[in-house]
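Student: here's my sequence, what's the structure:
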Amino acid sequence: MEEVDTGTLAKGAFWTLLGQILAKLFGFFYVLFLARFFLAEEIGIFYFVYGIIGFLSLFTDFGLLQSLPRYVPYLEGKGRRDLLYSFLKMVAVIGGFVSLLFSLIIFFISSSIASFLGKPEVADSFRILAFFIFLNEMMGITVGYLIGRKMMKHSQLILGIQTPLKLILTIILAFYIFGFTNLSISFGFLLSFIPLVLAGAYYLVRDIKSWEIKKVEKAESIALLKEVVVFGIIMTVIASLSFVTMASDRIMLGLLGGATAFQSVGVYSVVTTFAGLFLLPFSAVLTIFFPIVSELFGKGQIDKMKKTTAVAMKWSILIGAPFFILLMSFPSFFLRAFYGDEYANGAVVLVIYIIALFIFSLSLLPLKTIGAMRRLDIELKIGCVCAFVNVILNYLLIQLYGMNGAAFATMLSFFVMAVLTFWYSKKLFDFDFPMDIIKPTLLMIICTLLLSFLSDHLLSFVSSIPLQGVEKAFSFIDNAFANKAIKLVILGLLFFFACALYFVVLILTKSFGVEEKDIIHRALRKARVPEKYYFWILERLI
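Tutor: The predicted model follows:
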């Protein structure tokens, strides 16, 4: 079997993880700001409208944007930059025009949409977020190209600045223009996209200028357009089904939640956003993983593609385990500490949703490999089944258990997705469930149980550490913010402890493989650790 390009995979994952940590850090303060100053109903209105607009945006460009992440690395692997250039022009012209048209239509009929839903209070948010469709299309084209070309440093730098911008803009709008309403949240979110689009366009144009582009025959260009449109329409259907699986819980909670529906959506959205910390490492690996396997498939290197999928799955669990251990061990503490007692009621949601995300993460990489093989029929089948299961379960469980039922419905639908994904992976490219991930997963569960048992003692110890300097540094903003900053430091300390605990357990059980040893070897050499020391370290890892 061919060797995996661990260098490209690790470097891409590093830049993606760095960018996402930056985004999550500012995202923490963003959600904290919303929870501190806005009513849960105002937050709920924003997420309700955003969920619907996000769903509508999938149908605005005939699926061209959905095709971009697959065709950029695929055509690059084929050595057809001429066709890739032609493809980019098609996506920019058609996608830009149609998405702008859709934005204007929704803007003018926003009152009718709100009346149809029986929620007139959401009309203004619909008018504002209508233009998310156009800006999201433009960002998808520019940043999607950079990711497809494996330019992870540039793409993650661009994505990493959105959350700080969103936070700053929302603060300005809330304090000086619209007050603490959903309008400030909506406008702040929308305006944060504009610098990203401009920066992405700059890097895209700069990269293309270095190419030697040959003229493409008109017949070949038309044939590509037909192929991409058919591919894109099917991808749009698949993406809409995926959206239903991922977002129907919020929408249906808003529709079925009764008098406190928007309050439940607000709490649920904040809690599940916090749970998204667990997906940080998976997203980091996935972002670079997809263009790599797409290019490998374009080159016909199936064995290397299978090996890359297995290695990426193991790395995702190794990196993600500390997040799982931390969030599962202190659910009520973190929600109460950061967001208040109202959000602490979502502790059960947090636990269920993290388990759901772990199940989802197991199937994510093999499912993307199926996507890289352009087996849309398989993706469509999986998407249809999971969306159907998700909607039915949400309808039944939300009415009985509220937001806890929504989280449980999501977990069960992700389990169905995982079973179908591994069954089709075996059938399509003879991919066996990697046994290498069982050991680190079991160790992750053991560490979680151990840390949960010791949670009260650890919190007592960490709380005794003098952190007056941190409180004083943030007290000029708001006393509540200063208190939350201390809690963030506590989270960091507990995270460090979870990392150390898991890493020590991995070393003691010799759970590192050859690929992990190779990456650690490169890191130690780059850090200029003396050779005699890093050989001693590597001998004890496996």
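Student: how is this structure divided into domains?
Tutor: In the assignment given by automatic domain parsing, the structural domains of the chain cover 11-216, 255-491.
Student: in a markdown table, list these along with distance to A239.
Tutor: Backbone N, C-alpha and C define where each C-beta goes, glycine included. Converted to a markdown table, the domains of the chain look like this (distance: least, Cβ to Cβ, whole Å):
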| stretch | distance to A239 |
| --- | --- |
| domain 11-216 | 5 |
| domain 255-491 | 8 |
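Student: want to throw these into TSV with mean pLDDT?
Tutor: What follows is the domains of the chain, written out as TSV (pLDDT from 0 to 100):
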stretch	mean pLDDT
domain 11-216	83
domain 255-491	81
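Student: and the end-to-end length of stretch 85-100?
Tutor: Distance between the boundary residues of stretch 85-100 (Cα to Cα, to the nearest Å) amounts to 22 Å.
Student: residues making contact with that stretch?
Tutor: 57, 60-62, 64-65, 67-68, 71-72, 75, 133-134, 136-138, 141, 145, 204, 208, 211, 213, 216, 221, 224-225, 228 (Cβ atoms under 8 Å, 6 or more residues apart in numbering).
Student: buried ones among those residues?
Tutor: The neighbour count (16 or more other Cβ atoms under 10 Å) marks 57, 60-62, 64-65, 67-68, 71-72, 75, 133-134, 136-138, 141, 145, 204, 216, 221, 224, 228 as buried among the contacts of stretch 85-100.
Student: picking that back up, out of the domains of the chain, which is closest to L501?
Tutor: Proximity to L501 (Cβ to Cβ) singles out domain 255-491 among those, at 5.5 Å.
Student: P195: neighbouring residues, count only.
Tutor: P195 has 13 neighbours, counted by other Cβ atoms under 10 Å.
Student: ah, wrong one, I meant K314
Tutor: By the measure other Cβ under 10 Å, the count of residues near K314 is 22.
Student: that one: which element?
Tutor: helix 302-329 (DSSP states H and E).
Student: quick one: whichever helix or strand comes after that helix to helix 302-329, angle?
Tutor: For helix 302-329, the following helix or strand on the C-terminal side (DSSP H and E) is helix 331-339. In terms of direction (axes from the mean of the first three to the mean of the last three Cα atoms, to 10 degrees), helix 331-339 departs from helix 302-329 by 80 degrees.
Student: distance between helix 331-339 and the chain's centre?
Tutor: In terms of Cα atoms, centre = their mean, to the nearest Å, the centre of helix 331-339 is found 22 Å from the chain centre.
Student: following that helix, which helix or strand comes up?
Tutor: Per DSSP H and E, the first helix or strand lying C-terminal to helix 331-339 is helix 341-344.
Student: buried residues, that following helix. List them.
Tutor: Buried positions in helix 341-344, judged by neighbour count with 16+ other Cβ under 10 Å: 343-344.
Student: what does that helix rub up against?
Tutor: Contact partners of helix 341-344, identified using Cβ under 8 Å, 6+ apart, comprise 35, 40, 267, 270-271, 332, 335-336.
Student: out of these, who's nearest L376?
Tutor: Nearest member of the contacts of helix 341-344 to L376, counting by Cβ to Cβ, is V271, at 33.8 Å.
Student: how about the contacts made by the closest residue to the closest one other than its chain neighbours?
Tutor: Nearest non-adjacent residue to V271, counting by Cβ to Cβ, 6 or more residues apart in numbering: G346, 3.7 Å away. Residues in contact with G346, defined by Cβ under 8 Å, 6+ apart, are 267-268, 270-271, 335, 403.
Student: L190 now?
Tutor: Counting by Cβ under 8 Å, 6+ apart, L190 touches 128-129, 131-132, 135.
Student: so the residue lying closest to F334 once chain neighbours are set aside, which of the three states?
Tutor: Sequence neighbours aside, L491 is the residue nearest to F334 in space, at 6.7 Å (criterion: Cβ to Cβ, 6+ apart). Reduced to three states with DSSP: H, G, I helix; E, B strand; the rest coil, the structure at L491 is helix.
Student: start the count at 28 instead of 1 going forward.
Tutor: All set: I'll call the first residue 28, so the last point we hit is now L518.
Student: I'd like the distance between L518 and V375.
Tutor: To V375, L518 is 20 Å away according to Cβ to Cβ, to the nearest Å.
Student: next: S440.
Tutor: 18 Å.
Student: who has more neighbours out of these two?
Tutor: Ranked by neighbour count (other Cβ under 10 Å), S440 and V375 place S440 first, with 28 against 16.
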